[in-house]
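Colleague: Pasting the sequence and the predicted coordinates here, then a few questions.
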Amino acid sequence: MPETPSRLSSTSTMCNHENEDEDDSPLDGHRPGSNKGLSKSKSKSKSKSKSKSKSKSKSKSKSQNQSGPEDRNKTEGKHLSRVLTKPLPTPSSIPPPQTSSSKFKRILHPTLHPRRHTLSSVKQSYPGTGTSSDPFLVDFAPNDPTNPYNWSKNYRWMLTTLIGITALCPPFSSVSYSSTVVQILPEYGMSRELSTAGISLFILGFALGPLIFAPISEIWGRTFAFYVSFPFFTLFNLGTALSHNTPTLLIMRFLAGFAGSSTLTNPGGQIGDMWAAHERAMATSVFSLAPFLGPVLGPIVGGYVTERCGYRWVYWIQFIYAFVVTVASIALMPETYAPTILRRKARILNEQSKEQGKEDVFIAKFDKIKKSKSEIIKIGLLRPFELLFTEVIVGCLAIYGAIIYGILYLFFACFPLIYQEIRGWSVGQGGLAFLGMGFGLVLGNILNPLGDRWYKRASRPGHVTPPETRLPLSCISAILLPIGLMWFAWTSAPPIHWIWSILACIPFGLSFLWIFNSMVNYIIDSYTLYAASALASLAVLRCLFGAAFPLFAVKMYRNLGLHVAGTIVAVLAIVCAPMPFLFYKYGPYLRRKSRYAPSTPHTIEEEANETSEQREEERKDEQRKVRIRPDEALEPEWDREAGEDARIGGRARDLEKGI
C-alpha cells in the first residue's frame with residue numbers, strides 16, 4: 001500500500017526520534033557500521049532501475065524470493081529510515097504556493113516581483129566602489145523584468161489602452177457639461193454666459209495643473225502624480241453632481257479641471273517609458289486620439305442623457321466614469337518612470353546591506369547629480385514660460401495650437417445655438433452634430449501613418465533625420481483647416497441643409513489631429529532634452545485660449561450672425577496657415593540659433609548629410625549639458641538613459657533617432 005503524506009510524516013517523526021544520530025548526516029552519507037544494510041538497499045535500488053532487462057529482473061525476483069521476510073523487512077526498514085530521516089523542510093525554505101491571485105498580481109504588476117540577486121553579484125554589475133563618495137550606481141540589467149521596455153507587448157498594449165481610457169475621461173467631463181448649459185439656467189438662476197463659464201473654468205484648471213503635476217511626476221513618479229490628482233478629480237465630479245447653487249457648481253468645475261490635468265503630463269511620459277522611439281508611433285496615435293475624441297463623445301452622450309434622464313445625470317456619469325478609471329488605474333497601473341523604479345531598487349539594496357552589517361551605499365544612476373525638490377519645482381514652473389517667450393519655434397507654434405484649440409472649444413459653445421435654438425433640434429440631436437468632427441478625428445488617426453512614411457523616406461541610415469520632416473502633414477492641414485471653417489461658416493444657417501455643415505467639420509477634425517501630432521513630434525525632435533518643458537508651454541497656452549473662446553462665442557455669433565462670425569474664425573486660421581511652411585524652410589536656422597535646441601546645420605540638406613562623427617559629438621555635447629547645467633530637463637528624454645540599453649536581446653536600433 002503506498003504511503004500517504006500523513007503516514008510518511010508520522011513515520012518520519014518516529015524514525016527521527018529513534019535515530020537522532022542520523023539526522024545530521026548528509027544526504028549521501030551513512031553511519032559507520034551500516035555498510036551491510038546500505039549495500040543491500042543500493043543493490044535493491046539498482047535492480048529496480050534496471051528492471052527493463054529481463055535477465056536482471058528475473059535474478060532480482062529470484063533473490064527476493066530466497067530472502068526471508070525478516071531480512072526483507074529489515075532491509076526495507078533501513079531504506080525507509082534512510083529516506084525519511086532527512087530533516088523536513090522548514091516553513092521559511094518552502095516557497096509559498098502560487099495562488100491564482102498571486103499569479104494575476106504578477107501578470108498585472110511585474111515590478112512587484114524583481115529578480116532576486118545577492119549583494120555580491122549586484123556589486124559586480126553596478127559601477128562604483130560602494131562608498132558615500134563613490135556609491136554603486138543602480139541601473140537596469142539586461143533582461144531585467146523591472147525595466148518597462150522589457151515587458152511583453154501584450155502587457156504594454158493593455159497598459160496603453162488603460163492610459164488612453166484614462167486620458168479620455170477629463171476631456172469627456174469638460175465638454176459633456178455643454179449639453180446641460182440651457183437646462184441649468186432656470187434652476188441655478190444664472191445667465192447664459194455664466195453657465196458657459198463652467199466649461200471655461202474647467203479648461204482654466206486644465207491649464208494650471210500641469211505646472212504642478214509635471215514636477216511631482218519627476219520627484220515621486222508617475223503613479224504618485226496620479227494618486228494625488230485623479231482621486232480628487234473623482235471627488236470634485238461628485239461635488240458637481242451634488243451642487244445646488246452657482247458658486248459650488250463653478251468652483252467644483254474649476255477644481256475638477258485642475259485635478260484632472262495630470263492626464264496632460266502623465267500619459268505621454270508613460271508611453272515614452274514603455275515604448276522605444278521606433279515602435280512608439282502606433283502607441284502614440286492611439287493615446288493622442290483619446291483627449292481629442294473626448295470632446296466629441298461628451299456632447300453626444302450628454303445630449304441624450306440630458307434629454308432622457310435629466311441634466312444632473314450627466315454629472316453623475318462623469319463621476320461614475322472617473323471612479324471606475326481611478327479604481328482600475330490604481331489596481332492595474334504599475335510605476336513606469338525609470339528613475340523612480342531604480343530609486344526603489346537602490347533603497348531595497350541599502351536596506352539589505354544594513355541587515356547584513358555592511359556599509360555599502362547604492363543610489364540610482366539618475367541621482368549621481370541630484371537636484372533638490374525646490375529646484376525641480378522652480379524649473380517646472382518657470383522654464384515653460386521661458387521657452388514660450390524666448391524660443392521662436394515654441395512661441396509661434398504655441399500660438400497656432402492655442403488658436404485651433406480655442407476654435408474647438410468655441411464650437412462647443414456655439415453648436416447648441418446653431419443646431420438647437422436656430423434649427424430647432426432636441427438636446428440629443430444637437431449632440432449628434434459633433435459626429436462630423438469625430439469622423440474627421442478618426443480619419444486623421446487612420447491616415448496618420450502617411451506622416452511616418454514621409455519621415456522614413458527622408459531618413460538615411462547613420463544620419464539624423466531633420467525634425468522638419470515631421471511637418472508635411474501639418475502643411476496639408478494648414479490648407480484644409482481654413483477651407484473647412486469657411487465651408488462651415490456659410491452652410492451653418494438655414495435654409496441650407498444641415499448635412500453640409502456637418503460634412504464641413506470633417507476637414508476640421510482631420511486637420512486638428514494632424515496639426516497637433518506633427519507639432520508635438522516636431523517639438524520633441526527639436527528640443528530633445530527640454531521637450532517636456534516645451535510641451536508644457538504649449539499645453540498652458542492652448543488651455544488658456546480654450547478657456548477664453550467659449551466666453552465670447554455665443555455673444556459674437558448672436559451679434560454678428562452665423563456667416564460673419566464663422567468667417568472671422570476662418571480668417572484666424574488663414575493668418576496662421578503659413579507657419580508650418582515657414583518652419584519647414586527656416587526651422588534648421590532657428591534651431592541653430594536657439595539656446596535649447598541642439599541642431600547645428602543650417603539647412604535640411606546639410607543636416608541630412610551630417611556624418612556619424614558629428615552626430616556622436618552632438619550627442620556627447622547634449623550629455624554634457626545634462627551633467628553640468630543645474631536646469632537640465634525634468635525627465636530623461638532619451639531611451640538609452642531610461643532603460644532601452646538593457647532591452648531583451650540587447651539594445652534595439654532606434655530608427656527615429658537614427659542610432
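Modeller: Received, thanks.
Colleague: In contact with residue 176, which residues?
Modeller: Residues in contact with residue 176 (Cβ atoms under 8 Å, 6 or more residues apart in numbering) are 297, 298, 299, 301, 302, 314, 317, 318. Using the backbone N, CA and C atoms, a C-beta is placed for each residue, glycine as well.
Colleague: What of residue 256?
Modeller: Residue 256 touches 170, 173, 202, 205, 233, 236, 237, 239, 240, counting by Cβ under 8 Å, 6+ apart.
Colleague: How about the residue nearest to the spatial centre of the chain: what's its closest non-neighbour residue?
Modeller: The geometric centre of the chain, computed from its C-alpha atoms, lies nearest to residue 270 (Cα atoms, centre = their mean), at 2.4 Å. Setting aside the residues directly before and after it, residue 270 is nearest to residue 336 in space (Cβ to Cβ, 6 or more residues apart in numbering), at 5.0 Å.
Colleague: other SSEs contacting the host helix or strand of residue 410?
Modeller: Element membership of residue 410 [criterion: DSSP states H and E] is helix 392-415. The criterion is 3 or more Cβ pairs under 8 Å, 6 or more residues apart in numbering; DSSP states H and E, and the helices and strands that helix 392-415 contacts are helix 192-208, helix 280-309, helix 373-390, helix 498-526, helix 531-560, helix 562-576, helix 578-593.
Colleague: now that helix, how far from the centre of its chain.
Modeller: 25 Å (Cα atoms, centre = their mean, to the nearest Å).
Colleague: what's the helix or strand just after that helix in contact with?
Modeller: Following helix 392-415 in sequence order, the next helix or strand is helix 427-432 (DSSP H and E). With contacts defined as Cβ under 8 Å, 6+ apart, helix 427-432 is touched by 179, 182-183, 299-304, 306-308, 415-416, 419-420.
Colleague: quick one on the thing from earlier: for the residue nearest to residue 270, what are its contacts?
Modeller: 148, 159, 222, 269, 270, 273, 274.
Colleague: can you check residue 498 too?
Modeller: So residue 498 contacts 419, 423, 433 (Cβ under 8 Å, 6+ apart).
Colleague: can you tell me how far it sits from residue 525?
Modeller: 42 Å (Cβ to Cβ, to the nearest Å).
Colleague: And residue 556, by the same measure?
Modeller: In terms of Cβ to Cβ, residue 556 sits 37 Å off from residue 525.
Colleague: Looking at the two, which is more packed in?
Modeller: residue 525 (23 against 19; other Cβ atoms under 10 Å).
Colleague: avg pLDDT for stretch 164-173?
Modeller: Per-residue pLDDT over stretch 164-173 has a mean of 91.
Colleague: do the same with stretch 392-409
Modeller: 90.
Colleague: Could you do stretch 193-208 as well?
Modeller: Mean predicted confidence for stretch 193-208 is 87.
Colleague: Then stretch 531-540?
Modeller: So the average pLDDT for stretch 531-540 ends up being 79.
Colleague: List of residues touching that stretch?
Modeller: So stretch 531-540 is in contact with 207-208, 210-211, 214, 264-265, 268-269, 379-380, 383-388, 391, 394, 397-398, 401-402, 519-520, 523-524, 526-527, 596, 633-635, 637, going by Cβ under 8 Å, 6+ apart.
Colleague: Go again with 6 Å.
Modeller: 207, 210, 214, 264, 383-384, 387-388, 394, 398, 401, 523-524, 527, 634-635, 637 (Cβ atoms under 6 Å, 6 or more residues apart in numbering).
Colleague: Buried ones among those residues?
Modeller: 207, 210, 214, 264, 383-384, 387-388, 394, 398, 401, 523-524, 527, 634-635, 637 (16 or more other Cβ atoms under 10 Å).
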